[in-house]
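Participant: coords please:
(3 chains)
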Amino acid sequence: MKRPTLPLHAIAWIVGAFILIPIVYAVLGGFKDTSQLSTNPFGLPSPWETGNYTEVLAAGSFWRQMWNSTFIAVLTTIVTVSLSAMAAYVFARFAFRGRELLFTVFTAGLMFPFAVAILPIFVMLRTLGLVDNAWGVILVQAAFGLPLTIIILRGFFRSIPGEIEEAATLDGCGPFAFFWRILLPMARPALATVSVLAIVGSWNNFMLPLVVFSDEASWTLPLGIQQFQGQYSSDTSRILAYLVLAMVPALGFYAVAERHLIGGLTAGATKG
Amino acid sequence: MTTITRRPEARRLPAHARPNRGRRRSWVTITLFVLPALALFLLLVVAPIVVAVYASGFKWNGFGGLPTDFIGFDNFTRLLESEIFFTDMWHLLVLVLLCLVVQLPMALGIAMLLNQRIRGRAIYRLVFFSPYVLSEVITGVLFSLILSPTSGLANGILGLVGLESDFLADQDTALMSLFVVMTWKYFGFHMMIYLAGRQNIPNELLEAARIDGATGWEVFRHVTLPLLGPTIRISVFLSVIYTIQLFDLVWILTEGGPAHSTETLAVTMFDIGFGRSQVGYASAISVVMFVLSLVFALGYQRFVMRRDLEGATTAMGDTR
Amino acid sequence: MKRTVTLIAAAVLVAGCGGGEAPQPGSESGAPQKVTLEWWHLSTSDPLKTVYEKRAKEFQAANPHVTIKMTVLENEAYKSKVTTLTQSGKAPDLFATWGGGVLKQQVDAGLVKDISADVAPVIDTFTTAALAAYQFDGKTYALPTDIGMVGFWYNKKLFEKAGIAEPPTTWSGYLDAVSKLKAAGITPIALAGKEKWPGHYYWAYLAMRIGGLPALQQAAVDHDFTKPAFVQAGQQLKALADLQPFQKGFLGAAYSTPDGQAATVSNGKAAMELMGQWAPNVQIDAGKGLGEDLGFFPFPAVEGGQGAITEAFGGGGGMAVGADAPPEAIELLKFLTSEENHTKAVAENAVLPVLKGEESAVKDANLKIVADSLATATGFQLYLDQAYPPAVGAEVNDSVAELLAGAKTPEQVAQDITEVAKSE
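Facilitator: This next block holds a predicted model:
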């Protein structure tokens, strides 16, 4: 297949520049001090000031927020994916009265933006005693993550041919064994995909942790960023350093998980 | 009773799903598997919706336990008569159109590009998707620094060619600037979906078309694009739903200003509920948003996605 | 079906709002029971941040059975969070408030403790102006920690450069000065258009100078903002905006960010800003600072108006006590505002005097002017976005922002505010 690759590269480069420049600006900006940032906003830092980064890294609060974000993201993912997988299995491979109705109820949840429900949700969490508790964030995020996850997983589960299930049934596999021993392993790419989506969603959530946590010790990174910006509003380079450091885990995680993500989005349907 | 999948060869159902056989066991499984998700969903999603619907019938400042001042549909008529509602709807329309005309084609184009065997495509893929994994808070703070009219990076670059702008600080350019930030943040997500959809198309099909003498564009137009139909329809759907609910990014960048020029329904709702303590009225707005999304979703599924419905989101159905 | 829905909603709401989990201190046993105090405030930057941390430590040292749990949030986050919490039927034990309409709503909902009796012994040490925002129907619901007024903070050097010898005392003189600054190539005014509240100062002050204090008080009662004074205030503000006196991109500018209102003045890129007593601190924080070149003058009088130049517009900050809070919360509040402690905070330029005779502790020359103007003021009006119910205050901010952006006429502003006020 011979194709002119130069124009393709040119387009990719232009879009790439559009995406990368803001991030590079932030990374370099973090290495300047504020006066450098105003006199030399676009060039390379000179000298390279590492103080902004090291000071943020030396602060315990940054690491605590990182840990909180990680903890909440991991548990949110486990809850979302396990509950969704179970429900999606039923929606995909069982025929029963009211199935479509029930499925529609779940998908309707996709239409309800989280921000508009924040007050009733908060009231609910207080009733359940989940305010100032990581589970308050985890369970709400999981609940709102169910619709999309179920939709995606149902799609994958459906695409696995009935013959496999029949064969398994003939081998004496009950529905639970089929789910656990055959379906889930086969759907691993799909599970990876929805896990990445759940982790990203949780990692970036701002409103919910803000409302649920009062104690600074429980804060997540987005809360920390806003607070940091309020506290050092004049010190742009410091804020940039904080932003960059807060980006690193998400980007790093994504770099590792990327293969699974794209693989998961594609594999389910064709293979099997 | 529905069948499991629509493929003819799959109509022979496995024993536990076949009607009248092992039915009771089936019900136990169904209940056990759906109940946890359903309970969580009812408690934390459905119940709050019900509360919002209930509160939308009251004039209520959110304080003091239960709302008491029942005013029927007044909150809704008030909203429909207000100028801001139409402003918000207009912004929604503009943003959706821009997404359809600019953002999604761009995502599709790049996805096709990255599907080629061009060098470094793994890196490109990584780069293009990376903004999606960054939080709205980070994106918002970063771009409010970059788009600053006086000291921002954007004017520094555009100034070289004499194209300076006030971006978010000018009523006439604010919505466009917001859209640019949205594109930066979200186009990678759609690109990923397209990439996935594209990889589901067997290469043999495309090869066959090429052997028949079709040009690259013709292959794309007559083979790839139709086969991507379900994927594109899903991407459009998600794009519209997310635009209706757009909040975080706008709130951090502009708070809806200047002079409401970037306001969305969600921002209006938040401002009224939190800024003005008119919780009843704000609930009415959230109900309207919900109904709007629902009507769109139902209509879209009924008229646009009908053929895809039986298949899954990314399943390679619909080959006809 | 409808009934069921109603019942579920009612159950959820009722369940959410049953209070009464207050810790019961001072039980029958001799030693005081352990108490945890939730203290929320929004002083995220120094000097006040450190001052409060010190006080908390001192209070705990003096009262070993008390543990103070401080939640310090940035302004916007603080507002959202307090709103969510109070609307759900609870309040922190001790929390920052601006008083006025917002506090009144919380009081009406039974969330704030009436501390009149507890603070009776010390109430006379506070100045009347400082207390005004926290008293309703003769009862006290919070104690002030700061009070100040809004006025023009200007750059003496730039005024001199434009040939303005004395700060203007009349509105026409003011417009004249703006034109002179423009002619000299200087941006006359910095304004944070994104945040809306700084813009409302202009409209409020103009209404006050044109209609006098009674006009603003009357409007709070009859909800009519279409009277001539308010329309004229809008017209005068429009006249100012038509001169295009604000910095480039002011509609998107925030207040304390690196290119915001405070930094613009602080770096000498605009000649003045209309701002409260915290302006010098924020200027230093956000930019280079003007040092000796920074001056203060009160909002000029409008010719033929009812209001005098000696009437002040402003507000401060206070701390309110939650309805279910243990008595220690009131003790902490009294501790913070005791003469000894508060004067220390004043001396650090963290806050302005709220206690009688504290003026002498003010060190900064400009803050001294503010404190003195306040002490000799012939009338006082609280910020409109605090004085009126939240919806009305927000509409004032919104409408004035649109007026400044050229999206609303002065008449529309008056009408829209009236409409919201009447619907409250």
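Participant: use CA for all of it now, contacts and neighbours both
Facilitator: Fine.
Participant: After the longest helix seen in chain B, which helix or strand is next? Please name it.
Facilitator: What stands out as the longest helix in chain B, according to DSSP state H, is helix B:171-199. Next helix or strand after helix B:171-199 toward the C-terminus (DSSP states H and E): helix B:203-211.
Participant: Just the buried positions in that following helix, please.
Facilitator: Using 16 or more other Cα atoms under 10 Å in any protein chain shown as the test for burial, helix B:203-211 gives B:206, B:209.
Participant: what's that helix in contact with?
Facilitator: B:216, B:219, B:223-224 (Cα atoms under 8 Å, 6 or more residues apart in numbering or on different chains).
Participant: now, which of those sits nearest A:Met207?
Facilitator: B:Thr224 (40.5 Å; Cα to Cα).
Participant: sorry, back to before: quick one: the contacts of helix B:203-211 as JSON lines, columns for neighbour count too.
Facilitator: Shown next, in JSON lines, are those (neighbours: other Cα atoms under 10 Å in any protein chain shown):
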{"residue": "B:Gly216", "neighbour count": "12"}
{"residue": "B:Val219", "neighbour count": "18"}
{"residue": "B:Val223", "neighbour count": "16"}
{"residue": "B:Thr224", "neighbour count": "18"}
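Participant: what's the closest of those residues to A:Glu100?
Facilitator: Nearest to A:Glu100 among the contacts of helix B:203-211, with distances taken as Cα to Cα, is B:Thr224, at 30.9 Å.
Participant: Let me see the backbone angles for C:Leu290.
Facilitator: Dihedral angles of C:Leu290 (phi, psi; degrees, to the nearest 10) stand at phi -100, psi -10.
Participant: Please read off the pLDDT at the residue nearest to it when sequence neighbours are not counted from the model.
Facilitator: Distances taken as Cα to Cα, 6 or more residues apart in numbering or on different chains place C:Ser266 nearest to C:Leu290, at 5.7 Å, with adjacent residues excluded. Listed pLDDT for C:Ser266 reads 92.
Participant: Please apply the same query to the one 3 residues further on.
Facilitator: Taken from the predicted model, the pLDDT recorded for C:Lys269 is 92.
Participant: That one: what's it in contact with?
Facilitator: C:Lys269 is in contact with C:186-187, counting by Cα under 8 Å, 6+ apart.
Participant: 7 Å instead?
Facilitator: With contact taken as Cα atoms under 7 Å, 6 or more residues apart in numbering or on different chains, C:Lys269 is in contact with C:Thr187.
Participant: That one is in what secondary structure piece?
Facilitator: Per DSSP H and E, there is no helix or strand for C:Lys269.
Participant: Would you mind measuring from it to B:Val46?
Facilitator: 53 Å (Cα to Cα, to the nearest Å).
Participant: just B:Gly159 next, same as before
Facilitator: For B:Gly159, the distance to B:Val46 (Cα to Cα) stands at 51 Å.
Participant: the more surrounded of these two?
Facilitator: Taking neighbours as other Cα atoms under 10 Å in any protein chain shown, B:Gly159 and B:Val46 compare with B:Val46 leading, 21 against 12.
Participant: Which residue comes closest to the more buried one once chain neighbours are left out?
Facilitator: Nearest-residue entry for B:Val46: A:Gly109, 7.7 Å, with adjacent residues in sequence omitted and distances by Cα to Cα, 6+ apart.
Participant: neighbours around the one you found, how many?
Facilitator: Using other Cα under 10 Å: A:Gly109 sits among 23 other residues.
Participant: so it sits right up against A:Gly145, yeah?
Facilitator: No - at 9.0 Å, A:Gly109 does not count as touching A:Gly145 under the criterion of Cα atoms under 7 Å.
Participant: any idea how far stretch C:265-280 is from the chain center?
Facilitator: 17 Å (Cα atoms, centre = their mean, to the nearest Å).
Participant: CA atoms of it as PDB?
Facilitator: Provided in PDB are the C-alpha atoms of stretch C:265-280 (Å, rounded to 0.1, in the frame of the first residue of the first chain):
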ATOM      1  CA  VAL C 265      -3.300  48.100  39.600                       C
ATOM      2  CA  SER C 266      -0.500  46.600  41.600                       C
ATOM      3  CA  ASN C 267       1.800  46.500  38.500                       C
ATOM      4  CA  GLY C 268       1.000  50.100  37.500                       C
ATOM      5  CA  LYS C 269      -1.000  49.100  34.400                       C
ATOM      6  CA  ALA C 270      -4.200  50.800  35.600                       C
ATOM      7  CA  ALA C 271      -4.600  53.900  37.700                       C
ATOM      8  CA  MET C 272      -7.200  52.800  40.100                       C
ATOM      9  CA  GLU C 273      -9.700  50.200  41.400                       C
ATOM     10  CA  LEU C 274     -12.900  50.500  43.400                       C
ATOM     11  CA  MET C 275     -12.300  47.900  46.200                       C
ATOM     12  CA  GLY C 276     -12.700  47.200  49.900                       C
ATOM     13  CA  GLN C 277     -10.200  47.400  52.700                       C
ATOM     14  CA  TRP C 278      -8.300  44.200  51.700                       C
ATOM     15  CA  ALA C 279      -7.200  45.800  48.400                       C
ATOM     16  CA  PRO C 280      -3.600  46.700  49.600                       C
END
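Participant: Where does the prediction get shaky in the chain?
Facilitator: You didn't pick a chain, so chain A it is. A:1-6, A:113, A:115-116, A:260-272 (pLDDT under 70).
Participant: Chain B is the one I meant
Facilitator: In chain B (pLDDT under 70), the answer is B:1-25, B:64-65, B:305-320.
Participant: who are the neighbours in contact with the residue nearest to C:Leu290?
Facilitator: Per Cα under 7 Å, 6+ apart, neighbours of C:Ser266: C:283-284, C:287-290.
Participant: Check A:Val137 too.
Facilitator: A:Val137 touches A:208-209, A:212, counting by Cα under 7 Å, 6+ apart.
Participant: Where does B:Leu225 fall, secondary structure wise?
Facilitator: helix B:225-244.
Participant: Using a markdown table, lay out the contacts of A:Val137 together with neighbour count and distance to C:Tyr78.
Facilitator: Formatted as a markdown table, those follow (neighbours: other Cα atoms under 10 Å in any protein chain shown; distance: Cα to Cα, whole Å):
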| residue | neighbour count | distance to C:Tyr78 |
| --- | --- | --- |
| A:Leu208 | 20 | 14 |
| A:Pro209 | 25 | 13 |
| A:Val212 | 25 | 13 |
